[in-house]
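J.: quick one: sequence and predicted model below, then my questions.
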Amino acid sequence: MIYGANGYTGELIAREAVARGLRPLLAGRSRAKLEPLARELGLKYRVFTLDQAPADIATHLNGMGLVLLTAGPFSATSAPMVQACLRARAHYLDITGEIDVFERISEQHGRAQAAGVVLCPGVGFDVIPTDCVAAALKAALPDAVALSLGFDTDAGMSPGTLKTTLESAPQGGCVRIDGALVRVPLAHRTRRIDFGRGVRLAMAAPWGDVSTAFHSTGIPNVTVYFPVSRLEWMGVKLVNALRPLLGLKAVQGALAGLVSATVRGADAEQRARTPTHVWGEAVNARGERRTARLQTDNGYSFTVTGSLAVVGHLLKATPGSGQSGFFTPSRLMGAGLASSLPHCGPIRID
């Protein structure tokens, strides 16, 4: 099942799944949006919302062995779907990049093992490539105590991604220090980084790897960076002062409406010409350093192929294979997952 199949990314995944000969069940809350897509692709569909009890949601998962959740914000959608998947004994995947979502799902590890299912959030660009880079750096420097990750791309955001970003802005930034998640102001730290196409100013940002990289590697200190211009950095610093205002429900509603009315996801041509450059750096207590770089497909195209790679892995897994519980992408399929996907190069470590 692809829940949220009528959204920008969900539709891309559904179309590619059909092109590969898969027959996913499309699901979401809007019959008006789902029905035309299902008819075009020759697929069945189910209409239901996630604002009901998990036991009720589980009844809609009847016959499903796996659910791929593509409808955000995942802070609202993931918890009920995870609980429903545990009840229905269906594997759960999503494409979130939200730190709190990763942390909450990790707490369900024991229940997932008991149910014999895999819970693997972040099976898209959030966070497969950076997670694979983190795992590769851990292998290259096993005693690393600090990990920095990031990426550089000219690709824009889809409406769903931008809405999630705006929703999380009032929470500020987040890093991991000595194994604990620590809230910090947005853009609290900057450095100059060569992500793979020249040195740029970069700022610390609350990307999902602040959670997942720790679960994948055990490295206790994790920071994620995005490249910015100095003007953009100053703008983000200003947002710190506006965080209380941005947290108001009325403001969030107005911003979400503006995004829906004005933002459109990139088309195939735009995605094809905007690859992504991923970077990572591990440092041990003696100051020894390893740097990794990886060039990948556009983030949204990567999410399509990455999520379907994990779907294929789980659908092919034999019953009783031993894979159950909470996983990050690299722990589920190895650090080579990202490089195995179309238009992605090898992870190069210096």
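T.: It's in.
J.: downstream of the lowest-mean-pLDDT helix or strand in the chain, the next helix or strand is which one?
T.: In the chain, no helix or strand scores lower on mean pLDDT, DSSP states H and E than helix 159-168, which sits at a mean of 54. Per DSSP states H and E, the first helix or strand lying C-terminal to helix 159-168 is strand 173-177.
J.: residue 311: which element?
T.: Per DSSP H and E, residue 311 falls inside helix 299-316.
J.: give me the contacts around the very next helix or strand once past that helix.
T.: Helices and strands here follow DSSP H and E; after helix 299-316, the next one along the chain is strand 325-326. The set of residues external to strand 325-326 that reach it, using C-beta atoms under 8 Å, 6 or more residues apart in numbering, is 105-106, 108-110, 112-113, 118-120, 215. In this view, the C-beta of every residue, glycine as well, is placed from N, C-alpha and C.
J.: just to revisit the earlier point, so which elements touch the helix holding residue 311?
T.: Where contact means 3 or more C-beta pairs under 8 Å, 6 or more residues apart in numbering; DSSP states H and E, helix 299-316 is packed against helix 8-19, strand 66-69, strand 91-94, helix 128-140, helix 268-272, helix 329-333.
J.: let me see the mean pLDDT of it.
T.: Across helix 299-316, the average pLDDT comes to 96.
J.: report the buried residues of that helix.
T.: Residues 299-311, 313-314 are the ones in helix 299-316 that count as buried (16 or more other C-beta atoms under 10 Å).
J.: just want the angle from that helix to helix 8-19.
T.: Per axes from the mean of the first three to the mean of the last three C-alpha atoms, to 10 degrees, the angle that helix 299-316 makes with helix 8-19 is 50 degrees.
J.: report the distance from helix 299-316 to the chain centre.
T.: 12 Å (C-alpha atoms, centre = their mean, to the nearest Å).
J.: that helix vs helix 128-140, what angle?
T.: With the same axes, to 10 degrees defining the directions, helix 299-316 sits at 70 degrees from helix 128-140.
J.: circling back to that earlier point, possible to save the contacts of strand 325-326 as JSON lines with pLDDT and distance to residue 230?
T.: Shown next, in JSON lines, are the contacts of strand 325-326 (pLDDT from 0 to 100; distance: C-beta to C-beta, whole Å):
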{"residue": "105", "pLDDT": "98", "distance to residue 230": "37"}
{"residue": "106", "pLDDT": "98", "distance to residue 230": "37"}
{"residue": "108", "pLDDT": "98", "distance to residue 230": "42"}
{"residue": "109", "pLDDT": "98", "distance to residue 230": "42"}
{"residue": "110", "pLDDT": "98", "distance to residue 230": "47"}
{"residue": "112", "pLDDT": "97", "distance to residue 230": "45"}
{"residue": "113", "pLDDT": "96", "distance to residue 230": "48"}
{"residue": "118", "pLDDT": "97", "distance to residue 230": "43"}
{"residue": "119", "pLDDT": "98", "distance to residue 230": "41"}
{"residue": "120", "pLDDT": "98", "distance to residue 230": "38"}
{"residue": "215", "pLDDT": "98", "distance to residue 230": "34"}
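J.: from those, list the buried ones, please.
T.: 105-106, 108, 112, 118-120, 215.
J.: closest one of those residues to residue 274?
T.: Residue 274 lies nearest to residue 120 out of the buried ones among the contacts of strand 325-326, by C-beta to C-beta, at 26.3 Å.
J.: not counting sequence-adjacent ones, nearest residue to the closest one?
T.: residue 327 (4.5 Å; C-beta to C-beta, 6 or more residues apart in numbering).
J.: ok, now residue 272?
T.: Per C-beta to C-beta, 6+ apart, closest to residue 272 is residue 298, 7.1 Å.
J.: what about the one you found, distance to residue 73?
T.: Residue 298 sits at a distance of 22 Å from residue 73 (criterion: C-beta to C-beta, to the nearest Å).
J.: same question for residue 106.
T.: In this view, residue 106 and residue 73 are 19 Å apart by C-beta to C-beta.
J.: check residue 282 too.
T.: For residue 282 relative to residue 73 (C-beta to C-beta), the value is 31 Å.
J.: between those two, which has more neighbouring residues?
T.: Per other C-beta atoms under 10 Å, whichever of residue 282 and residue 73 has more neighbours is residue 282, with 28 against 19.
J.: now that one: phi and psi?
T.: phi -120, psi 140 (degrees, to the nearest 10).
J.: which non-adjacent residue is nearest the residue nearest the centre of the chain?
T.: By C-alpha atoms, centre = their mean, the mean C-alpha position of the chain lies nearest to residue 126, the distance being 2.6 Å. Counting by C-beta to C-beta, 6+ apart, residue 97 is the residue found nearest to residue 126 once chain neighbours are left out, at 2.9 Å.
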